[in-house]
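S.K.: quick check, what structure comes out for this input:
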Amino acid sequence: FPSHDNPGEIYLNEEQQRLGNIKTDTLSVGNLNEKTVLTGVLNYNQNERQSINSRIMVRIDKLYYKTVGDYIAAGSPLYEIYSEEINNAKQEYILAIRERKNLSKAIVKVDEIVQAAVNKLLLWGLSKKQIQDLEQTKKLSNTTTFYSPTSGYITSIAVQEGSYVMDGGNIVDVADLSTLWVETQAYSSQLSLIQKNSLSKILIPDLDNLEIKAQVEFINPELNDGSRINTVRFTIANKAQKLKPGMPVYVIIENSSAHSITLPSDAVIRDSK
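M.R.: Residues are numbered from 1 along each chain as shown. Predicted structure coming up:
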């Protein structure tokens, strides 16, 4: 109905306002805190992932772990190999030790031969304890056992029993899952809202939206040419070992707040301009 007091204004009663879904609010002054929401995935912490390779051409006689996902402790036997070169080096070491006992201590040349044999065995991956045991027992075996240098979960196995591995060939990969990377993708237009060390919330949908606080650790300085997408990375703790690589995540990045006049976003009428 036209307003009687102020010509040009329209008066609506309560029923008309309800039918028109018209609500009123008051402008206020407060802090606006913008949030940037990104999607991402949990991944291995590459700094805690180790590739175990052969230092010499060998034949794999035995694998102590044959399943991806098995946990291995540092110092546990990992694989057993046959190598003619390692066996010859062991024999040279034992002969040099025996020769040193039979000759005068003043003869330095024998000590040099012993040390050269030790260095060769160390270079090929034998531990100091294995060399000490060889010195004490002086017993040769056809195969040599190698032990895991780190603790973690086996993420890949590149060999089979009976197969040959070349010098530098990969045998297994081991990852420590005590920490994981959260890797997200952000468009170039969002990068201005993301700063290194920005406080963020990581939500894990597969674990009932478990919330973990983290800081931006790395922003890739290079954009993908085709998609204009950049990688943003966080590192989070995984003490309970509930988090698994491959789990999807949501990342909520808290941006700096601004003190301003505020109003509901649906109160703004936008025209063609």
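
S.K.: which residues of the stretch 51-200 of the chain score low on pLDDT?
M.R.: Within the stretch 51-200 of the chain, the segments meeting pLDDT under 70 span 103-108.

S.K.: for it, what spans make up the strands?
M.R.: Using DSSP state E, counting those that start in this stretch, the strands found in the stretch 51-200 of the chain span residues 58-63, 71-72, 77-82, 143-147, 152-157, 164-165, 170-175, 179-187, 199-204.

S.K.: quick one: closest of the ones you listed to Lys101.
M.R.: Lys101 lies closest to strand 143-147 among the strands of the stretch 51-200 of the chain, at 24.5 Å (CB to CB). (Glycine included, C-beta is placed from N, CA and C.)

S.K.: and the strands of the stretch 51-200 of the chain: which comes nearest Ile219?
M.R.: Ile219 sits nearest to strand 179-187 of all those, at 8.2 Å, using CB to CB.

S.K.: same for that closest one, what does it pack against?
M.R.: Strand 179-187 is packed against strand 28-44, strand 229-237, strand 248-262, with contacts defined by 3 or more CB pairs under 8 Å, 6 or more residues apart in numbering; DSSP states H and E.

S.K.: what does it rub up against?
M.R.: Residues from elsewhere that reach strand 179-187, judged by CB atoms under 8 Å, 6 or more residues apart in numbering: 36, 38-46, 48, 194, 202, 214, 228-238, 243, 245, 249, 251.

S.K.: same deal with stretch 146-153?
M.R.: Contacts with stretch 146-153, where a contact means CB under 8 Å, 6+ apart, come from 48-50, 52, 69-81, 125, 127, 174-177.

S.K.: Glu99: neighbour count?
M.R.: 14 (other CB atoms under 10 Å).

S.K.: repeat that for Lys213.
M.R.: By the criterion of other CB under 10 Å, Lys213 has 11 neighbours.

S.K.: ok so Arg270 is a strand residue?
M.R.: No. Arg270 is assigned coil when assessed by DSSP: H, G, I helix; E, B strand; the rest coil, not a strand.

S.K.: quick check: it vs Gly40, distance?
M.R.: Arg270 is 32 Å from Gly40, where distance means CB to CB, to the nearest Å.

S.K.: which one of those two is surrounded by more residues?
M.R.: Using other CB under 10 Å as the criterion, Arg270 and Gly40 rank with Gly40 on top: 21 against 5.

S.K.: kindly provide the distance from that one to Ile253.
M.R.: Distance, Gly40 to Ile253, by CB to CB: 11 Å.
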